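Student: coordinates only, sequence not included:
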């Protein structure tokens, strides 16, 4: 049971870490200063959440590994994040689409995780809910602005939404680990969130005058370690320092 | 928005804690008030600087003309009796 819980916490932390790292790539490249800071603020929120998860995971594993070991010394196949969060930033509209898909799910997820029988996980969720409420406000607002903006912004926003749609399947198709954790009252029954997720998304798409893709999404793999080619490149950059200079601190 | 290239400028005022006044902290660009408020949150309150934000478009601020500083402000300079400096304040009184 302890090992399964460890794996489950890693999965939660991996999502926050990989998306947090992706957003950090915007630092200094945002379309305007204010948005640059908003994106990096969100990045820091997510990395902070990752630290909470990884510190807890390291404590549960109790083998002397630290949060840094978990972040910097695992290979791509050992990462359990959704394929969605590792997708490249693309243009600003693509980043907003990715963020909106994830934030919408993340908030629903955390609102359930707050009720977890595992007190530590419930506490981490309670702290994260406020942060993620703001993330969702930010990404929904921008999705509506761009979708209901100029012809060019609408085209780009629609492309971003279309390109990443297929990855939303992974939130709700439960693997054995998730089923086990949900049954134990520790994890979240994500399948039960599917309906309200797509209903919420549709509402924002309507306000944004964005067309909802008309097929059922189906791309999965990340939760079982089967990643797209992008994750390896991301980890190469993120882990470079620890790989080149093992044990380095600053 | 008439000018799509240049977003209007907004002035940002932050109240650092309840009971204190909002203070001018700086300015930023945004397309509308909603965005100005969110931008202000991200740019000016990330180190817990505030509990409340006001934003106002800069063009709505009607300012005094620096050339008129003489007639506006100098007459007050020799009226020391308008300052409450002749009272002793108890230590408990804050924010004055």
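Tutor: Done, it's in. All figures in this text were calculated on a predicted structure; none of them were measured in a lab.
Student: could you pull out the strands for chain B?
Tutor: Along chain B, the stretches classed as strands by DSSP state E are B:9-15, B:22-29, B:52-57.
Student: er, chain A actually
Tutor: For chain A, strands defined by DSSP E do not occur.
Student: thinking again about what came up before, so which of the strands of chain B is nearest chain A?
Tutor: Across the strands of chain B, chain A has its closest neighbour in strand B:22-29 (5.7 Å, Cβ to the nearest Cβ). (C-beta placed from N, C-alpha, C; glycine too.)
Student: just give me the neighbour total for the single nearest residue of chain A relative to chain B.
Tutor: At 3.8 Å from chain B, residue A:34 is the closest residue in chain A, using Cβ to the nearest Cβ. Taking other Cβ atoms under 10 Å in any protein chain shown as the neighbour definition, residue A:34 ends up with a count of 22.
Student: what do you get for residue A:151?
Tutor: 7.
Student: near chain A, which residues of chain B are found?
Tutor: B:4, B:7, B:28-31, B:34-35, B:38-39, B:41-43, B:46 (Cβ under 8 Å from any Cβ of the partner chain).
Student: export the residues you listed to CSV and tack on neighbour count and pLDDT?
Tutor: Formatted as CSV, the residues of chain B next to chain A follow (neighbours: other Cβ atoms under 10 Å in any protein chain shown; pLDDT from 0 to 100):
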residue, neighbour count, pLDDT
B:4, 9, 62
B:7, 18, 90
B:28, 20, 94
B:29, 16, 92
B:30, 21, 93
B:31, 14, 91
B:34, 12, 93
B:35, 20, 93
B:38, 21, 93
B:39, 24, 93
B:41, 22, 94
B:42, 22, 92
B:43, 20, 92
B:46, 13, 88
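Student: would you reformat the residues you listed as CSV and include distance to residue A:205?
Tutor: CSV is the format used below for the residues of chain B next to chain A (distance: Cβ to Cβ, whole Å):
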residue, distance to residue A:205
B:4, 24
B:7, 25
B:28, 29
B:29, 28
B:30, 24
B:31, 21
B:34, 19
B:35, 20
B:38, 21
B:39, 24
B:41, 25
B:42, 25
B:43, 29
B:46, 30
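Student: what stretches of chain B score poorly on pLDDT?
Tutor: Low-confidence segments of chain B, defined by pLDDT under 70: B:1-4, B:96.
Student: identify the residue of it closest to chain A, quick one.
Tutor: When distances are taken as Cβ to the nearest Cβ, chain B approaches chain A most closely through residue B:39, which lies 3.8 Å from it.
Student: against residue A:116, how distant is the nearest residue to that residue once chain neighbours are set aside?
Tutor: Of all residues beyond its chain neighbours, the one nearest residue B:39 is residue A:34 (3.8 Å), with distances taken as Cβ to Cβ, 6 or more residues apart in numbering or on different chains. Separation of residue A:34 from residue A:116 (Cβ to Cβ, to the nearest Å): 36 Å.
Student: just give me the closest of the residues of chain B next to chain A to residue A:60.
Tutor: If you rank the residues of chain B next to chain A by distance to residue A:60 using Cβ to Cβ, residue B:46 comes first, at 31.8 Å.
Student: excluding its backbone neighbours, what's nearest the closest one?
Tutor: If the residues on either side of it in the chain are set aside, residue B:46 comes closest to residue A:41, at 5.9 Å by Cβ to Cβ, 6+ apart.
Student: pull the contacting residues for the nearest residue to residue A:11 once chain neighbours are set aside.
Tutor: For residue A:11, the nearest residue in space outside its immediate sequence neighbours is residue A:80; the separation is 4.0 Å by Cβ to Cβ, 6+ apart. Neighbouring residues of residue A:80 by Cβ atoms under 8 Å, 6 or more residues apart in numbering or on different chains: A:7, A:10, A:11, A:14, A:222, A:223, A:224, A:225.
Student: can you pull the contacts of the residue minimising distance to the centre of chain A?
Tutor: With distances taken as Cα atoms, centre = their mean, residue A:15 lies nearest the centre of chain A, 4.1 Å away. The contact partners of residue A:15, taken as Cβ under 8 Å, 6+ apart, are A:81, A:82, A:85, A:102, A:106.
Student: can you get me a residue count around the closest residue to it other than its chain neighbours?
Tutor: The spatial neighbour of residue A:15 that comes closest, neighbours along the chain excluded (Cβ to Cβ, 6+ apart), is residue A:81 at 4.7 Å. Under the neighbour criterion other Cβ under 10 Å, residue A:81 is assigned a count of 24.
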